[in-house]
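A.B. asks: Provided below for reference: sequence and predicted model.
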Amino acid sequence: MVSAPLVSAQDPSDQSSPAQDPSFQNIGAETFFRKSSIEAIRLSPDGTHLAMLYPSDENAVLRIVNIESGEIEASFATRSRTGVAEFHWATDERIVIATQRFMGGLEQPMLTGEIFGLNIDNTRKFQMVGPGVGDFAAFMIENLLPDDPRHIRVSRYEVDRGSISRSRPSSFLLDIDNRPPGNRTSMMRNLRSEVHSPLPWGQLRSDYDGDVRLAYAIDDDMMLQVRFRHADEDWQDISNRFIRPALEGGFEFVGFSRDNDDFYFIQRSSHGTLGLFRYVVEDGSIASVFADPDFDLSRADLVLSSGRDELLGAKFNGHVFETRYFSEHPEVVLQRGLDASFPGERVRVTNMSRDGRRSVVAVSGPQRVGEFYLLENEARQMIFLGGLNTDLPVDAMATVTPFAIRSPDDFVLSGYLTKSADADTALPMIVIPHGGPMGIRDLYGFNREAQYLAKHGFAVLQVNFRGSGGFGYEHLQRGYGQWGSGMVDDLQLATRWAVQAGHADPDRVCVYGASYGAFAALASVARYPDDYHCAAGYAGVYDLNELSSSDIPFLPGGESYLALAVGTDVEELHRQSPVNMADKIKVPVLLAHGGEDRRAPLSQAEAMRQALQEAGQDPAWIYHRGEGHGFYDQENRIAFYESLLSFFQRSLE
């Protein structure tokens, strides 16, 4: 079915021609890498108010705006260096908010374990659970219970020295209206219907009635453990119904059906890709709902009805944005119209009012960093609400082109080439291997680093080398033990493709990456000195035998993950590590690192720097003592990218 555009939305970037504006041609790192202007917007169930999240380098502010008047009627500000992890309308009048603590610029923020409540008239603003009210545990929102306006269901995790402990989590009904007096005993009075998990770590999940029915976890051997129960009955081990090895199976819980007779989950399909399945409670059978033969699916890709009780389709990442609808629900007609209004971009109805009259729509794409609109459904009118960064207009961004090539061992390598649309000659090129590396991939979306470098005259190559996620289990499995060999070979193959296709000047190619990408960058210039002319590593690991000193072994299944994904052969890991190949590196190198990095300890960068110095190199060095895995502080982050650009310009002039 082909749909006409739903509405001719006013694009904020259409109001002028920034691509022709001389001032925009010299746009700097400050514009590309500052904090987003707005991060998320949610519409109240009755359609009268918007909750709008504004981040900053210090904290985050949530504002409640009356749609008719435009007035800010309530606000909530987090503490310094904390932000909002998630926020939800629990009722028409009350919002619940979970906060998070910012770590390094490349790290996922860590939940503080605190949950707050706020009314739209700025009253009853208080913390409901967590350390601030006497319980030094971590709480997470698990179920909003739309049929129970007084309660939500939360999970509670014991904390040991700042991290979630190996104890068994528990689940409670939380009264969101009562303010706890500030001690654990009083706070616990607001928690009832406690259920303990039968498994350490892991998660508990409840159905539409709020009954906890499912527990799952990954054990120390990287095996999936699943327990199920009927209402208040004993837990049953149903692990063998699923693919047990965690990396192979990729289990992800989605939710219970509205009648509580089934639950949905993501798992590896017969295609080898991750697909959507249904577990039938009555007989324990499993049925496939949808799986793409080429690309993985995740929970975040699913398109649900506004009541979140019907599956409408999936919007997932292929080489470009892919969309499949499974229903002719009226909201699918709406979604199709929105898709037609923004062709080739990712368009999602993030939430809708109870009566269906209003929706908040999020739009992003390879040249659109992200924007929010209020859709008046009956009038077919879209009102621009704000964007992540309106100083990066769509028509001034570089073109992002997918590519796919075949490797010598006969599998498809894909990725993206970003360069100015009017470039008609071979450009200096920066190859950016992604971090991870296992299960992570580069996406067809807005990439600030790529657009920043393209704006300054570079072509940028991103490669989904073997081991990347999103392309099925075979593609993932090919990366096991290949961090310094096959993955680096894939980067070089794609680099030569870009040169031979006329996109890149063979004498002006550099490679740069963060975390694992830094490892790949240094390994690339050591193994392929004729292909690359400089290298930069940011928050990198450089010695595979020293990964045991990171925080990975302390994560659930961390040691088993390293053994499988990286390998255990000490001599082979020594051969693959760039710290032991410094004498083969003959090009300029830049290293950047934070002193508080737990994922890639500072000792990794110091060892790489020392090895280069002993080999006669003098690598550029950027160090910030208080930073973690990537630079969080905005000034440090912007200064880093300014230095990185200067380094590339000097090295390739």
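C.D. replies: Structure received.

A.B. asks: show me where pLDDT drops low in the stretch 501-650 of the chain?
C.D. replies: Scanning the stretch 501-650 of the chain for pLDDT under 70 picks out 548-558.

A.B. asks: need the helices for it, in chain order.
C.D. replies: Secondary structure of the stretch 501-650 of the chain, counting by DSSP state H, counting those that start in this stretch: helices at 516-527, 558-565, 570-576, 602-614, 634-651.

A.B. asks: burial-wise, tell me which of those comes out on top.
C.D. replies: Most buried of the helices of the stretch 501-650 of the chain, by mean neighbour count (mean count of other CB atoms under 10 Å): helix 516-527, with a mean of 27. Glycine gets a C-beta too; all of them are placed from N, C-alpha and C.

A.B. asks: so which elements touch that helix?
C.D. replies: helix 486-500, strand 504-514, strand 535-538, strand 589-594 (3 or more CB pairs under 8 Å, 6 or more residues apart in numbering; DSSP states H and E).

A.B. asks: export these to JSON lines and tack on distance to Thr112 and mean neighbour count?
C.D. replies: Below are those laid out as JSON lines (distance: least, CB to CB, whole Å; neighbours: other CB atoms under 10 Å):
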{"stretch": "helix 486-500", "distance to Thr112": "35", "mean neighbour count": "21"}
{"stretch": "strand 504-514", "distance to Thr112": "25", "mean neighbour count": "22"}
{"stretch": "strand 535-538", "distance to Thr112": "27", "mean neighbour count": "29"}
{"stretch": "strand 589-594", "distance to Thr112": "21", "mean neighbour count": "25"}
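
A.B. asks: quick one: closest of the ones you listed to Pro393.
C.D. replies: Closest to Pro393 of the helices and strands packed on helix 516-527, according to CB to CB: strand 504-514, at 25.8 Å.

A.B. asks: contacting residues around Leu476?
C.D. replies: 247, 438-439, 467-469 (CB atoms under 8 Å, 6 or more residues apart in numbering).

A.B. asks: any of those buried? List them.
C.D. replies: Neighbour counting over those (16 or more other CB atoms under 10 Å) leaves 247, 438, 467-469 as the buried ones.

A.B. asks: closest one to Ser239 out of the residues you listed, please.
C.D. replies: Distance ranking of these against Ser239, using CB to CB, places Leu247 first at 15.8 Å.

A.B. asks: after the helix or strand that the closest one is a member of, which helix or strand is next?
C.D. replies: Assigned by DSSP states H and E, Leu247 belongs to helix 246-249. Sequence order places strand 252-256 as the next helix or strand after helix 246-249, per DSSP H and E.

A.B. asks: what's the angle from the very next helix or strand once past that following strand to strand 252-256?
C.D. replies: Following strand 252-256 in sequence order, the next helix or strand is strand 262-268 (DSSP H and E). In terms of direction (axes from the mean of the first three to the mean of the last three CA atoms, to 10 degrees), strand 262-268 departs from strand 252-256 by 160 degrees.

A.B. asks: pLDDT below threshold where in the stretch 151-300 of the chain?
C.D. replies: Scanning the stretch 151-300 of the chain for pLDDT under 70 picks out the ranges 160-166, 181-189.

A.B. asks: which residues of it fall in strands?
C.D. replies: In the stretch 151-300 of the chain, the strands defined using DSSP state E, counting those that start in this stretch lie at 151-160, 163-164, 170-175, 191-196, 203-206, 212-218, 224-228, 236-237, 252-256, 262-268, 274-280, 286-290.

A.B. asks: packing partners of the fifth one?
C.D. replies: I take that to be strand 203-206. strand 137-143, strand 151-160, strand 170-175, strand 212-218, strand 252-256.

A.B. asks: try 7 Å
C.D. replies: For strand 203-206, the elements it packs on are strand 137-143, strand 151-160, strand 212-218, judged by 3 or more CB pairs under 7 Å, 6 or more residues apart in numbering; DSSP states H and E.

A.B. asks: which among those is found nearest to Met382?
C.D. replies: strand 137-143 (29.8 Å).

A.B. asks: given the closest one, what are its sheet partners and their directions?
C.D. replies: Take DSSP bridges as the rule and strand 137-143 pairs in its sheet with strand 151-160 (antiparallel).

A.B. asks: what does stretch 246-260 rub up against?
C.D. replies: With CB atoms under 7 Å, 6 or more residues apart in numbering as the test, stretch 246-260 has contacts from 205, 207-209, 214, 216, 218, 222-224, 242-243, 263-268, 274, 298-299, 302, 309, 473, 557, 564.

A.B. asks: quick one: that stretch to chain centroid distance?
C.D. replies: Relative to the centre of its chain, stretch 246-260 is centred 19 Å away, using CA atoms, centre = their mean, to the nearest Å.

A.B. asks: next: stretch 425-434.
C.D. replies: With CA atoms, centre = their mean as the basis, stretch 425-434 stands 24 Å off its chain's centre.

A.B. asks: ok, Pro578 - contacts?
C.D. replies: Contacts of Pro578 (CB under 7 Å, 6+ apart): 519, 522-523, 526, 542, 608.

A.B. asks: do Gly445 as well
C.D. replies: Taking CB under 7 Å, 6+ apart, we find Gly445 in contact with 364-366.

A.B. asks: these in helices, which ones?
C.D. replies: Of the positions in the contacts of Gly445, not one sits in helices, assigned by DSSP state H.

A.B. asks: any of these buried? List them.
C.D. replies: Neighbour counting over those (16+ other CB under 10 Å) leaves 364-366 as the buried ones.

A.B. asks: what are the ranges of the helices in the stretch 251-400 of the chain?
C.D. replies: Counting by DSSP H, counting those that start in this stretch, the helices of the stretch 251-400 of the chain are 330-341.

A.B. asks: Glu114 reaches Gln100, doesn't it?
C.D. replies: No. Using CB atoms under 7 Å, Glu114 is not in contact with Gln100, being 9.3 Å away.
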